[in-house]
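K.L.:
Everything below, folded, please.
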Amino acid sequence: MYNHKLTHHLLPVLGLGLLFTFGCSKENPTPTDPSITAVSSQAIAAGTPGFTLRSKHYIIIAAGDELPAGIEGLTTAANGKVTSVLQEVGLALATSDDPEFAAKAAKITGVRSVVRDFTYQGFNPEARAVEAEALNVNPASTGDSNPYLPLQWGATAIQAPAAWNAGALGENVLVADLDGGFELTHPDLVANIQGSKSFVPTEPAQFMGAANKSSHGTHTAGTIAAADNSIGVIGVAPKAKLLLVKVLADAGSGSFSWMLQGILYAVQERADVINLSLGAAIPRHDQYLDENGKVVNDTKAIQELLVAINKVTSYATKNGVTIIASAGNDANNGNQDKSTVHIPADATGVISISSTGPMGWALDPLKANLDRFASYSNYGTSAIDFAAPGGDFALPGSAIVNFRGVTQYAWALDMVISTGRVSVVNGITRGSYTWMAGTSMAAPHATGIAALIIGRNGGSMDPVRVEAALRASADDLGQPGRDAYYGQGRLNAFRAVSQAQ
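P.N.:
Predicted coordinates for the structure are as follows:
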């Protein structure tokens, strides 16, 4: 049973719910307004990208499209053990205690290379909660009955309500969201969840984090396809179906191999779009740390890891799956700083999304620039394909406002609100709603628009056509043509579905 009443509903708020943050923080005193729950003084949690080579975990890369016959036995002969075979893409995952395993296995006929898997660390958010009742003041649309639509400035920026009114809702489209754990019983998501799976060996797809931690995966899923059910928020594609695939632990850490398996699984399950609100900024130099903190020299590591991810993303796009990824949150200028490569955003066939967000929207909603480039977003002419709403937290100070029925910090309302944690009170399942900011929030806006385009065309649309439709309908902001910040433009849902063919 679900609670459809949102008056006095708890809204946990993240200062920053994004992967690979760039060390920014915002000090935040405990508010005096009695309607706001006391919060941590570290309202924005700064995460550090942790790239670590896994010394006993390997990726075997075929020289061609297929692995050698009998790869399991050949790997055993090289003192290793195959743990998973990704035959469709010519990859295998293996473990070994032998420090010479990679060199031995690389000599197998038909094997291109053997490289270490790697782990990375993502977000470590602090959460807070407020009591709120939202009032809908958005232009009339099919989503009006959802109480928190007035707080979804991102929907306004991309003209999502106009797209819904035009009949584009994402029907007959399956979106795979690869992320951390998910609240599988959230009232705004449950009707649209078609399936779920975890590639994190010790954790289920269900988010199992502590009560004071927020669920990054639940947030991205809601932005994509929260149902139009008059309960809380509404997704960009409210009738799309969700395949929720866990490739990051609830604490935000993950292995490269989990992401590879998750992408391949989404293809096997016939997803139309894959959302990747995750990634790693990997240094191009040849010295890395292993799990024990030891410096490892491996000149081929990054090049071969790119080969591995490109095999998987190329396979996905060739099989009709559009892949969308967050560009990263390091404020990196890709035109000047080429010391890192961003995986998966830089992989073959992946559409990379930068982030936009207002500054002081709640202070002057009619004049605030919803398309302002976000302070943390990566940029670069070749690095960015499109921009989408991801929110920001750059507004100075700690002003508290009463905005559209919600009493909140003004800077928090510049972020993206979406689905959050679930609680059960007296047998009733209640979903919360959380604010986050990052390119992790921009990517699902773009993914939702892709789902609208595919649904408008009856489903199953070639990724080249999807990207062409996105490009033809994007609003050209910044410098004319493709530029370093907005790529080929900020995406526009209404224009996309109006022009889609």
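K.L.:
what ranges do the helices span in this protein?
P.N.:
Counting by DSSP state H, the chain has helices at residues 71-77, 101-105, 153-157, 160-165, 216-225, 256-268, 301-318, 439-456, 463-473, 493-499.
K.L.:
For residue 330, find the nearest of those.
P.N.:
Across the helices of the chain, residue 330 has its closest neighbour in helix 439-456 (9.8 Å, C-beta to C-beta). In short, each C-beta sits where N, CA and C put it, glycine included.
K.L.:
What average pLDDT does that closest one get?
P.N.:
For helix 439-456, mean pLDDT rounds to 97.
K.L.:
Next: stretch 66-79.
P.N.:
97.
K.L.:
Work out the gap between that stretch and the centre of the chain.
P.N.:
With C-alpha atoms, centre = their mean, to the nearest Å as the basis, stretch 66-79 stands 35 Å off its chain's centre.
K.L.:
for that stretch, which positions count as buried?
P.N.:
67-68, 71, 74-75, 78 (16 or more other C-beta atoms under 10 Å).
K.L.:
Next, format the helices of the chain as CSV and append distance to residue 403.
P.N.:
As requested, these are exported to CSV (distance: least, C-beta to C-beta, whole Å):
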stretch, distance to residue 403
helix 71-77, 59
helix 101-105, 56
helix 153-157, 11
helix 160-165, 19
helix 216-225, 20
helix 256-268, 38
helix 301-318, 41
helix 439-456, 19
helix 463-473, 30
helix 493-499, 24
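K.L.:
for those helices, which one sits closest to residue 396?
P.N.:
Once the helices of the chain are compared by C-beta to C-beta, helix 153-157 is nearest, at 19.2 Å.
K.L.:
If you count contacts, what does the closest one end up packed against?
P.N.:
Packing partners of helix 153-157 (3 or more C-beta pairs under 8 Å, 6 or more residues apart in numbering; DSSP states H and E): strand 386-389.
K.L.:
Against the centre of the protein, work out the most remote residue.
P.N.:
residue 77 (39.5 Å; C-alpha atoms, centre = their mean).
K.L.:
show me what contacts that residue?
P.N.:
Residues near residue 77 by C-beta atoms under 8 Å, 6 or more residues apart in numbering: none.
K.L.:
Could you number the chain from 53 rather than 1 from now on?
P.N.:
Happy to do that; since the first residue is 53 now, the last one works out to residue 129.
K.L.:
ok, it to residue 165 distance?
P.N.:
18 Å (C-beta to C-beta, to the nearest Å).
K.L.:
just checking, residue 420 touches residue 444?
P.N.:
No: counting by C-beta atoms under 8 Å, residue 420 sits too far from residue 444 to count as a contact (11.0 Å).
K.L.:
Quickly list what's touching both of those two.
P.N.:
Counting by C-beta under 8 Å, 6+ apart, the contacts common to residue 420 and residue 444 are 410-411.
K.L.:
neighbour count winner among those two?
P.N.:
residue 444 (26 against 17; other C-beta atoms under 10 Å).
K.L.:
Quick check: pLDDT value at residue 410.
P.N.:
97.
K.L.:
do the same with the one 4 residues further on
P.N.:
pLDDT for residue 414: 95.
K.L.:
Same question for residue 176.
P.N.:
41.
K.L.:
now do residue 243
P.N.:
At residue 243, the pLDDT value in this model is 98.
K.L.:
And residue 388, by the same measure?
P.N.:
For residue 388, the model assigns a pLDDT of 89.
K.L.:
One more: residue 250?
P.N.:
pLDDT at residue 250 comes out at 98.
K.L.:
residues contacting it?
P.N.:
With C-beta under 8 Å, 6+ apart, residue 250 has these contacts: 233, 256-257, 297-298.
K.L.:
if we go to 6 Å?
P.N.:
Residue 250 makes contact with 256-257, 298, according to C-beta atoms under 6 Å, 6 or more residues apart in numbering.
K.L.:
Any of those residues buried? List them.
P.N.:
257, 298.
K.L.:
Looking at the contacts of residue 250, spot the one nearest residue 155.
P.N.:
Proximity of those to residue 155 (C-beta to C-beta) peaks at residue 298, which lies at 33.2 Å.
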